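# prediction below, plus the sequence it came from.
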Amino acid sequence: MQFKTLAIPGPVLIQPKMIGDARGFFMEAFKDGWFRENVADVTFVQDNQSLSRETGTIRGLHYQTEPFAQGKLVRCLKGAIFDVAVDIRPDSPSFGQWIGETLTAAGAEQLWVPAGFAHGFCTLEPDTEVFYKVTCPYSAPHDAGIAFDDPDISINWPTDIATAILSAKDKIQPPLSSLKS
């Protein structure tokens, strides 16, 4: 596996090694010891998977508050996504900044999104499936979010945000400025 640090400290892009032949390929998608040594010393406690039927579906920006803040290791099992992490650590010099990476099933890329970041993605193909490991279980009382289209963040989503497909919850998330109060 190879990894690349990104413009904001914390998130890491991971590229597993794919060994291919006429039958297809094999890869080690996750190795606990390697991950702890090279990316983050965390324990994953839950695996989640989502299916988004339509291209241009945006899920996010989501996070959980303490003591249930989650780190996420995200990968695309089918299709492709534009995956986004927004720094929401209050004392971070990169607070409110974002990074975005394209993750595809064919490329097997993974994005580590540590606790202290809001996470979201936009589907680039129909019937896209996303799988992610998390470091804390889901907790409804700690579930939170930020508006995907907050102008203070200015994410360059690869879809027309006026026609993006969103959940009812994601249509009414508060702005980033609500975190500072």
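Looks like it came in fine. This structure is a prediction, so every number in the text was calculated from the model and none was measured.
# going forward, measure contacts and count neighbours with C-alpha atoms only.
OK.
# any idea of the mean pLDDT in stretch 122-136?
In this model, stretch 122-136 has a mean pLDDT of 98.
# now the helices for this protein?
Using DSSP state H, the helices found in the chain span residues 32-38, 168-171.
# I'd like these laid out as JSON lines, including mean pLDDT and distance to D160.
Formatted as JSON lines, those follow (pLDDT from 0 to 100; distance: least, Cα to Cα, whole Å):
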{"stretch": "helix 32-38", "mean pLDDT": "97", "distance to D160": "36"}
{"stretch": "helix 168-171", "mean pLDDT": "97", "distance to D160": "14"}
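# just put the ones you listed in JSON lines and tack on mean neighbour count.
JSON lines is the format used below for the helices of the chain (neighbours: other Cα atoms under 10 Å):
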{"stretch": "helix 32-38", "mean neighbour count": "12"}
{"stretch": "helix 168-171", "mean neighbour count": "13"}
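# what about those helices, which gets the closest to S154?
Nearest to S154, of all the helices of the chain, is helix 168-171, at 16.0 Å by Cα to Cα.
# who's in contact with the residue nearest the centre of the chain?
Against the mean C-alpha coordinate of the chain, by Cα atoms, centre = their mean, the closest residue is H119 at 4.6 Å. Counting by Cα atoms under 8 Å, 6 or more residues apart in numbering, H119 makes contact with 60-63, 83-86, 113.
# which among the helices of the chain is found nearest to G96?
The closest of the helices of the chain to G96 is helix 168-171. By Cα to Cα, the value is 18.0 Å.
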